[in-house]
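Undergrad: got a predicted model here, sequence first, then my questions.
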Amino acid sequence: MNFCKMTQQEAEYIAAWEYEGMYSFYNMENDKDDLEEFMSEERRGDCYFSVYDGTELIGFFAYYPMETRMCIGLGMKPSRTGNGQGLVFVDAGLQFGYEQFGTTAYALAVATFNKRAIHLYEKVGFVPVRTYTQETNGGEYEFLYMIR
């Protein structure tokens, strides 16, 4: 997998991805604040990276430095999710984070209904720390904060 700083064209392509069923929660249009950040080259800064498998854009990673850990956000192309490709994808993102930023300590937040992602994150060494409620996507949702 290849990582490159996200371009505006790539951001627009990714923002149009449509997830099905309960995963539609992750459709960019559902959270206007996140969408605005994602679509703004200035706000993306040097934090957002596109992920390619060969010539296909298959996802993205965002890296936000914190005091003791690197907080990450990520997304995979809808056609790639649920097919057993997540482990390689997340491992590649963590390895890129190490190569790019020298970090080995990570944090992330995931909606608690997303058992599939939680299981994946546990497989790559993340452990749950706490749950919290956050207003997003027009409602209040429970999230799980995990660290590695």
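TA: Done, it's in.
Undergrad: can you show me the helices along the chain?
TA: For the chain, the helices defined by DSSP state H cover 8-15, 32-39, 41-44, 86-101, 115-123.
Undergrad: how about those in CSV, adding mean neighbour count, distance to residue 148 and mean pLDDT?
TA: Using the backbone N, CA and C atoms, a C-beta is placed for each residue, glycine as well. Shown next, in CSV, are the helices of the chain (neighbours: other CB atoms under 10 Å; distance: least, CB to CB, whole Å; pLDDT from 0 to 100):
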stretch, mean neighbour count, distance to residue 148, mean pLDDT
helix 8-15, 15, 24, 98
helix 32-39, 14, 23, 91
helix 41-44, 12, 24, 94
helix 86-101, 16, 8, 97
helix 115-123, 15, 8, 97
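Undergrad: same list (those helices) but as CSV, adding distance to residue 108.
TA: Formatted as CSV, those follow (distance: least, CB to CB, whole Å):
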stretch, distance to residue 108
helix 8-15, 18
helix 32-39, 15
helix 41-44, 18
helix 86-101, 10
helix 115-123, 7
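Undergrad: so which of those helices gets nearest residue 139?
TA: helix 32-39 (13.4 Å; CB to CB).
Undergrad: and the closest one, how far out from the chain middle?
TA: Put simply, helix 32-39 sits 14 Å off its chain's centre (CA atoms, centre = their mean, to the nearest Å).
Undergrad: now do stretch 39-56
TA: 11 Å.
Undergrad: please apply the same query to stretch 105-125.
TA: 10 Å.
Undergrad: when you give positions from now on, start the count at 54
TA: Will do, 54 is the new start, and the previous item becomes stretch 158-178.
Undergrad: what sits up against it?
TA: 75-76, 78, 119, 121-127, 135, 139-140, 143-144, 147, 150, 179, 181, 184, 194-201 (CB atoms under 8 Å, 6 or more residues apart in numbering).
Undergrad: related to what we said a few turns ago, and of the helices of the chain, who's closest to residue 112?
TA: That would be helix 139-154 among the helices of the chain, by CB to CB, at 6.1 Å.
Undergrad: now that closest one against helix 168-176, angle please.
TA: Here helix 139-154 points in a direction 50 degrees away from that of helix 168-176 (axes from the mean of the first three to the mean of the last three CA atoms, to 10 degrees).
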